[in-house]
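J.: Output the structure for:
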Amino acid sequence: MVSRISERIDLATGGLRMRRLRQNDWIRRLVRETELQPADLIWPIFVREGEGEDEPVASMPGVVRRSVARCVDAAREARDLGIPLVALFPYTTPSLRDERGTEALNETNLVCTATRAIKAAVPEIGILCDVALDPYTSHGHDGIMIGNRIDNDASVEVLCAQALAQARAGCDILGPSDMMDGRVACIRAALDAEGFRDTMIMAYSAKYASAYYGPFRDAVGSGGLLKGDKRTYQMDYGNSEEALREAAQDIAEGADMVMVKPGMPYLDIVSRLSRELAVPTFAYQTSGEYAVIMAAHQNGWIDGDRAMMESLSAFKRAGAAGILTYFAPRAARAMAGRPL
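T.: Numbers count the residues shown, from 1 in each chain. Here you go, the predicted structure:
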């Protein structure tokens, strides 16, 4: 019976047995199509005022807010793990928030101070700075509000000033995440006019109005502040063609790279942009995506480390040039065979 079954299988498959290439670890590694490396990772880091111990973010197990000095330590760790780029996000105290997000323009604010400190201590690490006002506004929106409406052009003016402050501090890549129309062109022109021609722009071109951002808002202190929602400027999650138009527009305006956010629910968008636009395309594994995996792991429902690596590999398989992920140091240690 076994030989008769074998004959039928070989006849049906022409003798091809796909499982031969899966039978043990060494052959699986040899024929693997997608290989994840620490150089594919970007580590988002939250900066806080003061000194002392790290402050845990309750909704993001394992993620903390760090003092400027501890951000420098994290940058050293990133370098040692082979992670090329860190992304800085501030936890802004309520007393520094206002309607226009003016703390974003302060050249000694948390992000600018941390950027200078990291560049002085770990110059070989790249720094990505977020260009958006939501960590600084009292209403939690990414731009300037006139009544109940976000004023696009007034917002772009402030965003350009924020981008210049970050460039002067030594930021390598600016990440406009606000989704205002025309902001990439204005930022590129402002940078070039001040001689920052080598400062790069990674545009959050396809940033969707998503439920996956909640823990991030807790981490930067804007949770509970948001009045209304962000659907008038962030994208509708039902749209795909719009993402292509947004990214093409940002590239035409001077973006060097584009970003898709969130990541896992939008792998089709990552794939389309990387394939059809032939431009470095990045994905942001958001705070909510991270929290879902960690919560399931802590409850014993899944193997969190395997889910971490599987999810990160999915981004690479879809065509992402790199991934912003809160798993970055843990994943890099796993790749190096170090204790997690």
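
J.: quick one, strands of the chain?
T.: Along the chain, counting by DSSP state E, strands occupy 41-47, 55-56, 64-66, 85-90, 126-131, 144-146, 149-151, 173-176, 200-207, 257-261, 281-285, 322-325.

J.: Next up, the contacts around M200.
T.: Contact partners of M200, counting by Cβ atoms under 8 Å, 6 or more residues apart in numbering, are 172-174, 256-257. From N, CA and C alone the C-beta is placed, and that goes for glycine too.

J.: again, 6 Å this time
T.: Neighbouring residues of M200 by Cβ atoms under 6 Å, 6 or more residues apart in numbering: 173, 256.

J.: Name the residues linked to it by a beta bridge.
T.: M200 has the following beta-bridge partners by DSSP bridges: I173.

J.: any idea how far it lies from D256?
T.: Note on M200: its distance to D256, by Cβ to Cβ, to the nearest Å, is 5 Å.

J.: just the CA coordinates of the longest helix along the chain, formatted as CSV?
T.: Using DSSP state H, we find that the single longest helix of the chain is helix 152-169. The C-alpha trace of helix 152-169 is given here as CSV (Å, rounded to 0.1, in the frame of the first residue of the first chain):
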residue,chain,number,x,y,z
ASN,A,152,-3.4,72.5,6.9
ASP,A,153,-1.2,75.4,5.8
ALA,A,154,-0.7,76.9,9.3
SER,A,155,0.3,73.5,10.5
VAL,A,156,2.8,73.1,7.6
GLU,A,157,4.5,76.4,8.6
VAL,A,158,5.0,75.2,12.2
LEU,A,159,6.1,71.7,11.0
CYS,A,160,8.8,73.3,8.8
ALA,A,161,10.1,75.2,11.8
GLN,A,162,10.1,72.0,13.9
ALA,A,163,12.0,70.2,11.2
LEU,A,164,14.7,72.9,11.1
ALA,A,165,15.1,72.8,14.9
GLN,A,166,15.7,69.0,14.7
ALA,A,167,18.1,69.4,11.7
ARG,A,168,20.1,72.0,13.6
ALA,A,169,20.4,69.5,16.6
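
J.: That helix packs against which elements?
T.: helix 110-121, strand 126-131, helix 183-193 (3 or more Cβ pairs under 6 Å, 6 or more residues apart in numbering; DSSP states H and E).

J.: Which secondary structure elements does the first one sit against?
T.: Counting contacts by 3+ Cβ pairs under 6 Å, 6+ apart, the secondary-structure elements packed against helix 110-121 are helix 68-81, strand 85-90, helix 152-169.

J.: deepest of the helices and strands packed on helix 152-169, which one?
T.: Across the helices and strands packed on helix 152-169, averaging neighbours per residue (mean count of other Cβ atoms under 10 Å) puts strand 126-131 on top, at a mean of 24.

J.: got the contact list for the closest residue to L85 other than its chain neighbours?
T.: Leaving aside its chain neighbours, L85 sits nearest to G126 (4.0 Å; criterion: Cβ to Cβ, 6 or more residues apart in numbering). Contacts of G126 were listed using Cβ under 6 Å, 6+ apart, and they are 84-85, 172.

J.: And the pLDDT at G126?
T.: Turning to G126, the model gives it a pLDDT of 98.

J.: now do L267
T.: In this model, L267 is scored at 98, pLDDT.
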